[in-house]
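Asker: quick one: sequence plus predicted model below, questions after.
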Amino acid sequence: MIKYIAYCRKSTDEKEKQVLSIESQIAELKEFATKEKLQIVCFLTESRTAKTLGRPVFEEVIQKIEKGEANAILSWHPDRLARNSVDGGKIVYLLDTGKLT
């Protein structure tokens, strides 16, 4: 069974370009998960830019996947996950190793 971590992020460096608040992202992901019958094991939220390294909640997502607590990530948009090559590489590696579906 696929177990999802719902990850919602709002950048801190582009306030004028913000698309959806974290609360709005959560609401949309809940609605989508219900419609698609997806199992969300937890919602994790963060208010940090993804352009630079050092997002503690994103690292928590990665650790939970590595431990097998979840095997998929549900996000409002792919750019909520990674906007730098290191974080993007972590996601690609988890896909390559089969820990992330």
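Answerer: Received it, and whenever you're ready, just let me know what you need.

Asker: using CSV, write out every CA atom in stretch 30-37.
Answerer: Listed next in CSV are the C-alpha coordinates belonging to stretch 30-37 (Å, rounded to 0.1, in the frame of the first residue of the first chain):
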residue,chain,number,x,y,z
LYS,A,30,-6.9,16.8,1.8
GLU,A,31,-9.6,17.2,-0.8
PHE,A,32,-7.4,15.5,-3.5
ALA,A,33,-6.5,12.7,-1.1
THR,A,34,-10.1,12.0,-0.3
LYS,A,35,-11.2,12.1,-3.9
GLU,A,36,-8.3,9.8,-5.0
LYS,A,37,-8.6,7.6,-1.8
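
Asker: any idea of the mean pLDDT for it?
Answerer: On average, the pLDDT along stretch 30-37 is 98.

Asker: so what's the residue lying closest to L81 once chain neighbours are set aside bridging to?
Answerer: Distances taken as CB to CB, 6 or more residues apart in numbering place S75 nearest to L81, at 5.5 Å, with adjacent residues excluded. C-beta here means a position set from N, CA and C on the backbone, and glycine is covered the same way. Taking DSSP bridges as the rule, S75 bridges to Y7.

Asker: I91 against L100, yeah?
Answerer: Yes: the criterion here is CB atoms under 8 Å, and I91 meets it with L100 at 6.8 Å.

Asker: joint contacts of those two?
Answerer: Shared contacts of I91 and L100 (CB atoms under 8 Å, 6 or more residues apart in numbering): I73.

Asker: sorry, back to before: residue contacts, the residue nearest to L81?
Answerer: 6-9, 29, 81.

Asker: ok, L81 - contacts?
Answerer: Each residue near L81 by CB under 8 Å, 6+ apart is listed here: 7, 9, 50, 58, 73, 75, 87-88, 91.

Asker: which of those fall within strands?
Answerer: Those of the contacts of L81 mapping onto strands are 7, 9, 73, 75, per DSSP state E.

Asker: top of these by neighbour count?
Answerer: Greatest neighbour count in the ones in strands among the contacts of L81, by other CB atoms under 10 Å, goes to R9: 25 neighbours.

Asker: thanks a lot, catch you later.
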